[in-house]
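S.K.: Here is a sequence with its predicted model. Questions after.
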Amino acid sequence: MLYPLLLSLHLFAAVIFIGTVFFEVLFLEHIRKQLPAKLMLLLEQAIGQRARQLMPWVLLVLFGAGVGMVWLRYVPLLETPLRSSFGTLLLVKIMLAASVLGHFLVAMLWFRNGQMNSGRVKFIHHSVFVHLLLILLLAKAMFYLTW
């Protein structure tokens, strides 16, 4: 009964996190060209402040549930991940997720130290966007690709 709960929490947190990143990359960056700079700055500050309040909790649920799911079901598979396509793809997915977490932690450090600038924001958003696309593809591929 615990695994379905963890899976549900993981999926809901993933929807929030992925939706936020997709919104920032696919919408917000293009809206910038249509709004006055001062208004865009206020909008970005408000969204950024809310994201910094909410995303640590979303990531805690996302990664906590993910670790719990691995612990309950996939530890034996990850002991020899190259023996199966599922294990290999799961390992790659976990590595990408760890990289996303690393991006998030570096971004939080840069914000805290006042080192975050627009170039770094754009780089992190685009890099996380690509990571998330790959994670989404792997999440499905794990159940359909075999070799």
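M.R.: Happy to help now that I have it.
S.K.: What lies in contact with the helix-or-strand element of the chain with minimal mean pLDDT?
M.R.: Lowest by mean pLDDT, DSSP states H and E among the helices and strands of the chain is helix 29-31, with a mean of 88. Applying C-beta atoms under 8 Å, 6 or more residues apart in numbering, the contact partners of helix 29-31 are Met40, Leu43, Lys122, His125. (Glycine included, C-beta is placed from N, CA and C.)
S.K.: hey, which helix is longest across this protein?
M.R.: Taking DSSP state H as the criterion, the chain has its longest helix at helix 37-69.
S.K.: elements contacting that one?
M.R.: Packing partners of helix 37-69 (3 or more C-beta pairs under 8 Å, 6 or more residues apart in numbering; DSSP states H and E): helix 2-22, helix 85-113.
S.K.: Could you look up the SS state of Gln34?
M.R.: coil (DSSP: H, G, I helix; E, B strand; the rest coil).
S.K.: Could you pull up the residues touching it?
M.R.: Neighbour list for Gln34: empty [criterion: C-beta under 8 Å, 6+ apart].
S.K.: Setting the sequence-adjacent residues aside, check what's closest to Leu59.
M.R.: Nearest residue to Leu59 in three dimensions, chain neighbours excluded: Phe104, at 6.2 Å (C-beta to C-beta, 6 or more residues apart in numbering).
S.K.: Next one: the one you found, what pLDDT does it get?
M.R.: Phe104 carries a pLDDT value of 90.
S.K.: Sweet, I'm off.
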